[in-house]
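Q: Make a model of this:
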Amino acid sequence: MAAAAPAGADADVRLVRVWDPFVRLFHWALVVFFTAAWLTGEEIDWLHELLGYGVLALVGMRVVWGFIGSPHARFRDFAFGRATTLAYARDALAMRAKRYLGHNPLGAAMVLALLAGLVVTGGSGWLLTTDLLGHEPRWLEETHEVAANLMLVLIATHIAGVIFSSLSHGENLVRAMVTGMKRAE
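A: Residues are numbered from 1 along each chain as shown. Modelled structure (predicted):
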């Protein structure tokens, strides 16, 4: 669906909806849930666990949406091979990377890495609340903590990539994740 440019913008810019309401709500809810879970990790166990279950539920819904959702939300829309992703990375470093309407190859790889990291973090946290592997084995606590901290590295890398891509392509990707709209060309 195309729309006119917002007031004050170049009248020749045509916008299209890229991110559907579910993707945007998922993204920002995940930001809130993960941040709150990380901050309550050593302080408020019941809230930390509840937020962790919320993160896992969000990830589960996003995986389903990756198969049945809107075109740019579907995994097949951003299923890039290793060669394409590496070529895109080289082009990005040379400041000549192609602009994608949906996820670019590095962004797609980051989505998959973030989802996998959340599954490991949330899954290990959930296992700590059960006796399936014995009573809170130390290695599982370490796995949960390392995975949560690795998520911080992935999140920082994701934010840096969003800033880099926004600057190199002259568009505000954060605004696009709020409004769902990006310029058509």
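Q: List phi and psi for residue 44.
A: Main-chain torsions, residue 44, degrees, to the nearest 10: phi -130, psi 90.
Q: gap between the residue nearest in space to the middle of the chain and residue 70?
A: Among the residues of the chain, the one closest to the centroid is residue 111, at 4.8 Å (Cα atoms, centre = their mean). According to Cβ to Cβ, to the nearest Å, residue 111 and residue 70 sit 15 Å apart. All C-beta spots, glycine's among them, are computed from the backbone N, C-alpha and C.
Q: just to revisit the earlier point, following the one helix or strand the residue nearest to the centre of the chain maps to, which helix or strand comes up?
A: Taking DSSP states H and E as the criterion, residue 111 maps to helix 105-128. Later in the chain than helix 105-128, the nearest helix or strand by DSSP H and E is helix 138-169.
Q: The helix or strand that that next one is followed by: which residues count as buried?
A: Note on helix 138-169: by DSSP H and E, the next helix or strand toward the C-terminus is helix 173-179. Judged by neighbour count using 16 or more other Cβ atoms under 10 Å, the buried positions of helix 173-179 are 173, 176-177, 179.
Q: circling back to that earlier point, mind checking how far the residue nearest to the centre of the chain is from residue 179?
A: For residue 111 relative to residue 179 (Cβ to Cβ), the value is 19 Å.
Q: Likewise for residue 43?
A: Counting by Cβ to Cβ, the gap from residue 43 to residue 179 is 35 Å.
Q: Equivalent analysis for residue 33, please.
A: 22 Å.
Q: How about residue 35?
A: With distances taken as Cβ to Cβ, residue 35 is found 22 Å from residue 179.
Q: again, but for residue 65
A: Separation of residue 65 from residue 179 (Cβ to Cβ): 19 Å.
Q: Tell me how many other residues crowd residue 76.
A: Residues within reach of residue 76, counting by other Cβ atoms under 10 Å, total 8.
Q: Residue 119 versus that one, what's the distance?
A: According to Cβ to Cβ, residue 76 stands 20 Å off from residue 119.
Q: Next: residue 125.
A: 11 Å.
Q: quick one, what contacts the nearest residue to residue 101 once chain neighbours are set aside?
A: Leaving aside its sequence neighbours, residue 101 sits nearest to residue 18 (Cβ to Cβ, 6 or more residues apart in numbering; 5.8 Å). The contact partners of residue 18, taken as Cβ atoms under 8 Å, 6 or more residues apart in numbering, are 72, 101-102, 176, 180-182.
Q: and if you look at residue 141?
A: Residue 141 makes contacts with residue 128, as judged by Cβ under 8 Å, 6+ apart.
Q: Apply 10 Å and report the result again.
A: Residues near residue 141 by Cβ atoms under 10 Å, 6 or more residues apart in numbering: 124-125, 128.
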